[in-house]
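**Q** Give me the fold of what follows.
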Amino acid sequence: MAESFAFNIADKLLGKATSLLVDQVSLAGGVYAELEDLKDTLSAVKAVLLDAEEQQLNNHQLTDWLGKLKDCFYDAEDVLDEFGYDSLLRQVVNEGGFRRKVRHFFSTSNPLAFRFKMGSKIKEIRERLDKITADADKFNLKKIMGVAVPVIGPHREREKTYSFVRASDVIGRDGDKDKIIEFLMQSSDDDQENMSVLPLVGIGGLGKTTLAITMRELSNILRREYDVWSKNRDKWLELKALVHVGAKGSKIIVTTRDKLVANVMGTHPMYELKGLSDEECLFVFMRCAFKDGEDKRFPRLVRIGKDIVKKCQGLPLAVRTLGGLLYLKTNENDWVRVRDSECWQLEQKKDDILPALKLSYDDLSFDVKQCFALCSLFPKDFEFFDIQWVQMWMGQGLIQPSQQKEEMEDIGNRYLDKLLQISFFQDVEEKLEPVIRYFKMHDLALLVARPDYSTLNFDCKNISTKVRHVSMSEVDWPEKEEENVSRFFGKLNNNVRTISFPDIVDGPRSESFVGSCILRFKYIRVLDLQKSSFEALPNSICNLKLLRYLNLRHNRHIKRLPNSICKLHHLQTLILEGCESLEELPRHIGTMMSLRLLIVETQQIALPPQALGKREVKVGRRCFNSLRFLALIYCDSLEYLVEGMGTFTTLRTLIINACPRLSFLPKHLPALETMVIMDCKSLDLGVGNKNGEKEDNIGGFGSLRILILSKLPKLEILPRWLIQGPTSNTLLGLFIESCDNFRALWEEEEESPSLGSSVLLEGIDHLIALRQLKIQYCPRLSALPKKMGNLYALTHLTIEGCPKLANRCKRGTGEYWNKIAHVPN
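**A** As a prediction, the model looks like this:
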């Protein structure tokens, strides 16, 4: 069921061409005319694409025609994005003054020469497109004009109550749980075996993995569950050797669809999982399709729902998926359409997509379908976190800025929520709640993206020329790495846009790999080199003008990044987490105008430009002012960030973890919405400057919504800027954990420096928007503020591991019960 996505790509190209025509009015007349002609051709062919994509299922010639058209679209996008790079470059030049303008004019990137060359490229693309579209007549395609591409807009955003079923919320498996627990509690009679393996067998969608995870939560014996597809016994023996380190009596659950795999791996007879009953399925379906109790308002929909559930044949995934699809839909026609769909008549082959998933997939918008296709680069059950996917989607240009000026990250999060709602992502685990969520994806993604997306290794021989996104698997690095890499790259299309090494494999070992990428793939957008081990990036990295996403996570050898990386004017994401040898960042990294996410581990005392010492430069108009997400992790020498009112003006999320010398925060973060501070032993949450001088600034955090504080030994009470500044009107969630010296949320009485007397200050009751308050493992905390009962918006309160306070908050009897009795949860 591979998708062509031709309509969506054409629509995106039209938007880019229109934008360029507006921005580049000074173009030479010939180039401007070529852009106009290209736009007209795109508009004409777009009109028949919806009909073409509908008919291609039964017409191989049409499928081939769409493939040629899509290839031409991709090449056109590369050319238009080069124009976009030129626009960004001109912005940099214009901000650099007269001398930089002169230098740029006489450089190899002379603007007149560039535009002449690009005009020729656009003409070539347009002529090629004309030739392909001329063949459309023989297919008798209908023109479908004015079709609105469905989008998930803010008006359709769901409440933050999800319809997915968590691993700990499994329905109808009590009998299965009892039998598996019986296996887990058995002692092994085989003195030669340290571990026992139970194969859990069943078709896709039965909930094998979810049940296995539940058993891990319930048992102290089970340490891991594995999902296995390979029948190769040698592979299993390799895996067994890796995990054969537990004590005698260790248990492993293997989930698989294949009984032969179960026979290869099991030391215990396989346990075959059956489907749920209609009653159990209906219970799950109702929970996913309706809010609590609302099904009683729609008896006709419930009757239709019973018919839908019967067609799901006891498969929990199918039930949850369709329940999520129909969530908040009260139009009877929507439900009838699902019940009577022709998808139910399709023959389901082995390992094929469930009809229920096909129905839900077809209901997605074009944008979300394309984003989901990118997930096929990672294996089934691969664990990822939300920020990772959104940035990769943005890197491929799959998320475009909205006309409502909505942030691209917010659009991406809504796409994630939609895929989560229909169970295309599973087993949600919240870490740093509620900032980061981890997911596992379903194998449906592997079926929708061929041939553009492919998982390869160096031994692959027949690689389709259509492949533009490559994920490496089972990398066995050859001895002559440079020679073999060059040979492998020679099998790929020059227009590859993604090279990815998932975290489960070792990344490149030498700089030559990156050098080969630069020489071969000039249009690459995403370069994911996790767990690589080279010591330096080549200076030529700046030649990847369209690169938007660079991930060097867990490269423990790299010491520096070349200054030329700052010429990557399209770069949005730079991940340097786990780069423990990284000595410093490039001096002009703050001037990268598109950089939106930076995760870094560095040995510097401050971020550039302050970290330059004698070479210190003044903070100009642009200093990290496109950044939305900043994470500083294990920066042992970091003492302060960047100073200046023009710094971090757009930053929305700040995470600081294990920075022991950091003593104060920036004083002006006007757009900051989420702040996470963990394990910073010198930080007292005051604001100040690099000389250690405290400043009485309480107006710099006027957008803060979520604050998480953990392992801060200097934290005794909440800072003044949090209680008395504009943050008091915006803060929704406050989470305090493992702060050993934290003794009070707020001291109502303080000494006034000006009056020399004790005065009553505004208290915690000024946090008028606060909905969640969680305090854990703060042993010195013994009291709640007098005005705690005035937190009328508070809906969730958790106090745990605070022994002095626990007795005083006991339900009904504690002296503080009246202060918190109004909180529902």
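**Q** can you pull out the helices in the stretch 501-650 of the chain?
**A** For the stretch 501-650 of the chain, the helices identified by DSSP state H, counting those that start in this stretch occupy 511-520, in order along the chain.
**Q** Where does the prediction get shaky in it?
**A** Residue ranges of the stretch 501-650 of the chain with pLDDT under 70: 503-504, 609-622, 643-646.
**Q** Hmm, L662 is touching S682, no?
**A** Yes - under the criterion of C-beta atoms under 8 Å, L662 makes contact with S682 at 6.2 Å. Where C-beta positions appear, they are placed from N, C-alpha and C, glycine not excepted.
**Q** Of those two, give the one with the bigger neighbour count.
**A** L662 (22 against 14; other C-beta atoms under 10 Å).
**Q** The residue nearest to I304 when sequence neighbours are not counted in helix, strand or coil?
**A** For I304, the nearest residue in space outside its immediate sequence neighbours is W335; the separation is 4.4 Å by C-beta to C-beta, 6 or more residues apart in numbering. Reduced to three states with DSSP: H, G, I helix; E, B strand; the rest coil, the structure at W335 is helix.
**Q** Count the residues that sit near Q91.
**A** Residue neighbour count, defined by other C-beta under 10 Å, stands at 12 for Q91.
**Q** for L712, same thing?
**A** Here the count is done by other C-beta under 10 Å, and L712 has 23 residues near it.
**Q** where does R628 sit relative to K68, distance-wise?
**A** Between R628 and K68 the distance is 38 Å, computed by C-beta to C-beta, to the nearest Å.
**Q** Show me what secondary structure element comes after the lowest-mean-pLDDT helix or strand in the chain.
**A** Counting by mean pLDDT, DSSP states H and E, the chain has its least confident helix or strand at strand 757-760, which shows a mean of 36. Next helix or strand after strand 757-760 toward the C-terminus (DSSP states H and E): strand 772-776.
**Q** That next one pairs with which strands, parallel or anti?
**A** With DSSP bridges as the criterion, the sheet partners recorded for strand 772-776 are strand 733-737 (parallel), strand 796-800 (parallel).
**Q** And for the first one, what's in contact with it?
**A** For strand 733-737, the external contacting residues (C-beta atoms under 8 Å, 6 or more residues apart in numbering) are 433-434, 705-711, 715, 742, 767, 770-778.
**Q** Going by neighbour count, which of those are buried?
**A** With neighbours counted using 16 or more other C-beta atoms under 10 Å, the contacts of strand 733-737 contain these buried positions: 705-711, 715, 742, 767, 770-775, 777-778.
**Q** quick one: L364 and F372 touch, right?
**A** Yes - L364 sits in contact with F372 when judged by C-beta under 8 Å, with a separation of 7.1 Å.
**Q** between those two, who's got more neighbours?
**A** Set L364 next to F372 and count neighbours by other C-beta under 10 Å: F372 wins out with 26 against 20.
**Q** and the more buried one, how far is that from Y361?
**A** 8 Å.
**Q** Give me the below-cutoff pLDDT ranges for the stretch 101-250 of the chain.
**A** Along the stretch 101-250 of the chain, the model assigns pLDDT under 70 to residues 101-111, 145-169, 187-194, 217-249.
**Q** redo that, cut-off 90
**A** Confidence mapping of the stretch 101-250 of the chain against pLDDT under 90 gives the ranges 101-123, 133-250.
**Q** Between the two ends of stretch 642-653, how far is it?
**A** 16 Å (C-alpha to C-alpha, to the nearest Å).
**Q** Show residues contacting stretch 127-134.
**A** Contacts for stretch 127-134 (C-beta under 8 Å, 6+ apart): 38, 41-42, 44-45, 65, 68-69, 72, 75-76.
**Q** now do 7 Å
**A** Among residues not part of stretch 127-134, those counted as contacts by C-beta atoms under 7 Å, 6 or more residues apart in numbering are 41, 44-45, 68-69, 72.
**Q** what comes up buried for the longest helix seen in the chain?
**A** Residue-count comparison of every helix in the chain, with assignments taken from DSSP state H, identifies helix 60-95 as the longest. Residues of helix 60-95 classed as buried under the neighbour-count rule (16+ other C-beta under 10 Å) are 62-63, 65-67, 69-86, 89-90, 92-93.
**Q** Over to stretch 392-401?
**A** Burial within stretch 392-401, assessed by neighbour count using 16+ other C-beta under 10 Å, is assigned to 392-399.
**Q** How about stretch 658-673?
**A** Along stretch 658-673, the positions that meet the burial threshold by neighbour count (16+ other C-beta under 10 Å) are 658-659, 662-673.
**Q** Among those residues, which are located in helices?
**A** Using DSSP H, no member of those sits in helices.
**Q** Most widely separated two among those residues?
**A** Of all pairs drawn from the buried residues of stretch 658-673, the widest gap by C-beta to C-beta lies between A658 and P670 and measures 26.6 Å.
**Q** Spit out the contact partners of L211.
**A** L211 makes contact with 170, 173, 176, 200, according to C-beta under 7 Å, 6+ apart.
**Q** can you redo those as a markdown table with secondary structure, neighbour count and distance to I125?
**A** Rendered in a markdown table, the data for those read as follows (DSSP: H, G, I helix; E, B strand; the rest coil; neighbours: other C-beta atoms under 10 Å; distance: C-beta to C-beta, whole Å):
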| residue | secondary structure | neighbour count | distance to I125 |
| --- | --- | --- | --- |
| V170 | coil | 19 | 53 |
| R173 | coil | 19 | 56 |
| D176 | helix | 18 | 58 |
| L200 | strand | 25 | 52 |
